[in-house]
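In: Give me a 3D structure for the following:
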Amino acid sequence: MFELKLLPQEAIPHAIERAEHYRLLNEPRVAESICQDILDVDVQHEKALIILLLAITDQFSDSGGSTAKDALEIIPRLEGEHDRNYYTGIIYERQAKSRIEQQLPDARYDAYDLMISAMEWFEKSQALESTDNQDAILRWNSCARTIKEYKLKARPDDDFHPYLE
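Out: Below is the predicted model of the structure:
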C-alpha cells in the first residue's frame, strides 16, 4: 500500500521537539508515529523511547488505544535501571488512573492494586536518584494522594464459605 518515508538522521532533534509538542496538544497517536519514525533511524534513541512510552500511556483511557503491554515492551530498551524502574511506575500509575475513569465493577480495586505497584516501582527508582532529582518521590506522593482522594482500597478477602453438610 504505502511505503513509509525514512526520516533523515539530522532531522531527529526537530522531530523530538514535534513529538513533545503533539503530546502537549493531546495528540498522542501523532507523537507515537513521530517516535516510531525516529526509532526507524536510531533504534536506541532514549528520548524517543521515553516519549513513545508516555504517548502510549496517554492512550490508556481511549477505547482501542494502546495497552500497558505495549508500553511495558519498551522498558527493557531504556538504558538505566533508574529509568526502567521509574517509567514502569508511570505505566502502572496511568493504568490505575484509567481504571478509575472507567467506573466498571471492581475497577477501584484494580486501581488500588495498580497504584500500589506503581508506588513500589517508584521506591525502587528513588533508591537510585540523586538528591537533586527526586521525581520518584513526587510520583509516589501523587499516587498516595490519588488513593486517598478516590478512597481506593484493597480488594476484600473472599469471606464466602459454602455451607457443607
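
In: Residues touching the lengthiest helix in the chain, excluding its own?
Out: In the chain, with assignment by DSSP state H, the single longest helix is helix 81-102. For helix 81-102, contacts defined as Cβ atoms under 8 Å, 6 or more residues apart in numbering pick out 46, 50, 53-54, 57-58, 60-61, 68, 71-72, 74-76, 78, 107-108, 110-112, 114-115, 117-122, 124-125, 128-129, 135-136, 139, 142-143, 146, 150, 152. No exception for glycine: its C-beta is placed from N, CA and C like everyone else's.

In: Can you flag which of the residues you listed belong to strands?
Out: Here DSSP state E is the test, and these give no hits in strands at all.

In: Out of the residues you listed, which end up buried?
Out: Neighbour counting with 16 or more other Cβ atoms under 10 Å marks 50, 53-54, 57-58, 60, 68, 71-72, 74, 78, 107-108, 110-112, 114-115, 117-122, 124-125, 129, 136, 139, 142-143, 146, 152 as buried within those.

In: Spit out the contact partners of the residue nearest to Q9 when sequence neighbours are not counted.
Out: Spatially, and ignoring its direct neighbours in sequence, Q9 is nearest to V41 (5.8 Å; Cβ to Cβ, 6 or more residues apart in numbering). Counting by Cβ under 8 Å, 6+ apart, V41 touches 6-9, 12.

In: picking that back up, mind exporting the C-alpha coordinates of the longest helix of the chain to PDB?
Out: What follows is helix 81-102, C-alpha atoms only, in PDB (Å, rounded to 0.1, in the frame of the first residue of the first chain):
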ATOM      1  CA  GLU A  81      17.900   0.900  35.900                       C
ATOM      2  CA  HIS A  82      16.500   4.100  37.400                       C
ATOM      3  CA  ASP A  83      14.600   5.000  34.200                       C
ATOM      4  CA  ARG A  84      13.400   1.400  33.800                       C
ATOM      5  CA  ASN A  85      12.000   1.500  37.400                       C
ATOM      6  CA  TYR A  86      10.600   5.000  37.100                       C
ATOM      7  CA  TYR A  87       8.800   4.500  33.800                       C
ATOM      8  CA  THR A  88       7.400   1.100  34.900                       C
ATOM      9  CA  GLY A  89       5.900   3.000  37.800                       C
ATOM     10  CA  ILE A  90       4.500   5.600  35.400                       C
ATOM     11  CA  ILE A  91       2.800   2.800  33.400                       C
ATOM     12  CA  TYR A  92       1.200   1.300  36.500                       C
ATOM     13  CA  GLU A  93       0.100   4.700  37.800                       C
ATOM     14  CA  ARG A  94      -1.500   5.700  34.500                       C
ATOM     15  CA  GLN A  95      -3.200   2.300  34.200                       C
ATOM     16  CA  ALA A  96      -4.700   2.900  37.600                       C
ATOM     17  CA  LYS A  97      -6.000   6.300  36.600                       C
ATOM     18  CA  SER A  98      -7.500   4.800  33.500                       C
ATOM     19  CA  ARG A  99      -9.300   2.200  35.700                       C
ATOM     20  CA  ILE A 100     -10.700   4.900  37.900                       C
ATOM     21  CA  GLU A 101     -12.200   6.700  34.900                       C
ATOM     22  CA  GLN A 102     -13.800   3.500  33.600                       C
END
